[in-house]
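Visitor: Sequence and predicted structure are below.
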Amino acid sequence: MELMGIPLFDEDFYKLAFLFFLNLFFLTIVIRWFYYGSTGRKDYLFTFFLVSIVVFFLSFTLKKYKLDIGLALGLFAIFGIIRYRTESIPVREMGYLFIVIGISIMNSFVNKKLSYAEILFSNVAIVTAIGIIEKVWHLKHEISKKVIYENIENIKPENYHLLKSDLELRTGLKINHLTVEDVDFVKDSANIIIHYNKTKNEK
């Protein structure tokens, strides 16, 4: 049956639904379990889920029109360089954005030349790799912050531990290491870059 020349139903709907839920399953593991579980950040969950879902449907639709994969990769490039107008996406979040877009494109392009076994193996391999990095190796996200420090007596190399202890006391952070960037002897202050592991509740 058709409505204004458009079919009301197509057997590809079953394939679309199956691949969508398969894609959503692996995306949920990557985004909700690995990303959110390691960072505790909710502000990117909406972006990751919606971008990946839209990319999946766009790629599946393009495949129906038998357009080549180059166009899909072009879409990937467009979404892959997304920047918010208020702030740039941190490197870690860009990495996860790259992953979710890649998974969505890969799952949407399943065809007779690519078996379900191959696509399942690819998804499992990606999820396993992320799991090993996030949960087994326990890699922590180190970030940097610039602070203005007024007690320049402590910036001497021999007073490094005093400087580190003082900054930890003031900031409440466990500092991994720090770098003295600029010193202003007129104002008796220095710009110091501190490096610490991102806490779960920090945005």
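Guide: Thanks, I have the structure now. Computed from a predicted structure; not experimentally measured. Residues are numbered from 1 along each chain as shown.

Visitor: how's this structure carved up into domains?
Guide: Domains of the chain are assigned by automatic domain parsing as 2-136, 142-197.

Visitor: Would you convert those into a markdown table that also reports mean pLDDT and mean neighbour count?
Guide: C-beta here means a position set from N, CA and C on the backbone, and glycine is covered the same way. Formatted as a markdown table, those follow (pLDDT from 0 to 100; neighbours: other CB atoms under 10 Å):
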| stretch | mean pLDDT | mean neighbour count |
| --- | --- | --- |
| domain 2-136 | 79 | 14 |
| domain 142-197 | 86 | 14 |
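
Visitor: ranges for the strands of the chain?
Guide: Using DSSP state E, the strands of the chain run over 2-3, 6-7, 142-149, 175-184, 189-197.

Visitor: JSON lines for these, including distance to residue 19?
Guide: Putting the strands of the chain into JSON lines (distance: least, CB to CB, whole Å) gives the following:
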{"stretch": "strand 2-3", "distance to residue 19": "25"}
{"stretch": "strand 6-7", "distance to residue 19": "19"}
{"stretch": "strand 142-149", "distance to residue 19": "37"}
{"stretch": "strand 175-184", "distance to residue 19": "43"}
{"stretch": "strand 189-197", "distance to residue 19": "38"}
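
Visitor: for the ones you listed, which one sits closest to residue 118?
Guide: Closest of the strands of the chain to residue 118 is strand 6-7, at 29.5 Å (criterion: CB to CB).

Visitor: Run the chain-centre distance for the biggest helix by length in the chain.
Guide: Longest helix in the chain by number of residues, with DSSP state H as the criterion: helix 45-64. Its chain's C-alpha centre and that of helix 45-64 lie 16 Å apart, by CA atoms, centre = their mean, to the nearest Å.

Visitor: hang on, residue 60 packs against residue 18?
Guide: No - look at residue 60 against residue 18 with CB atoms under 8 Å: they stay out of range, at 11.4 Å.

Visitor: Residue 194 and residue 146, how far apart?
Guide: To residue 146, residue 194 is 8 Å away according to CB to CB, to the nearest Å.
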